[in-house]
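> compute the structure for the input listed below.
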Amino acid sequence: MKGACTKPVLFTFAILLFLIVAQENRVAAVETCDPTQLSPCVDAIQRGSTPTRLCCTRVKKQKHCVCQYLKNPTFKSFINSPKARKIATYCGCPYPKC
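Okay, the predicted model is just below:
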């Protein structure tokens, strides 16, 4: 009778442990902010050309970093330019309000 009660408790504990580990891995999978990851977009920013598929992929991965990039004077003029806004629109990433 004692063993019958501990099995559900152990099973519940195992599920909780699995969920905690899965959540930690999901958080670790978030892309880090690295402006060099946007290098495939340089031609589109400088010349106004249509962004490549790689550019759009990188923009989507880095979209959570835009406000951080705007705080950096080195990147602000590029990120805040009309061409960069055009790229964001083209790639389906709304420009954030920081």
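
> wait, what's in contact with residue 78?
Neighbour list for residue 78: 45, 84 [criterion: C-beta atoms under 8 Å, 6 or more residues apart in numbering]. (C-beta placed from N, C-alpha, C; glycine too.)

> what pLDDT does the model give residue 52?
For residue 52, the model assigns a pLDDT of 97.

> right, and it touches residue 38 too?
No: taking contacts as C-beta atoms under 8 Å, residue 52 lies outside contact range of residue 38: 11.7 Å.

> so for these two, which residue has more residues nearby?
residue 38 (22 against 14; other C-beta atoms under 10 Å).

> for the residue lying closest to the more buried one once chain neighbours are set aside, grab phi and psi.
In this structure, residue 38 finds its nearest non-sequential neighbour in residue 58, 5.5 Å apart by C-beta to C-beta, 6 or more residues apart in numbering. Backbone torsions of residue 58, given as degrees, to the nearest 10, read phi -70, psi -40.
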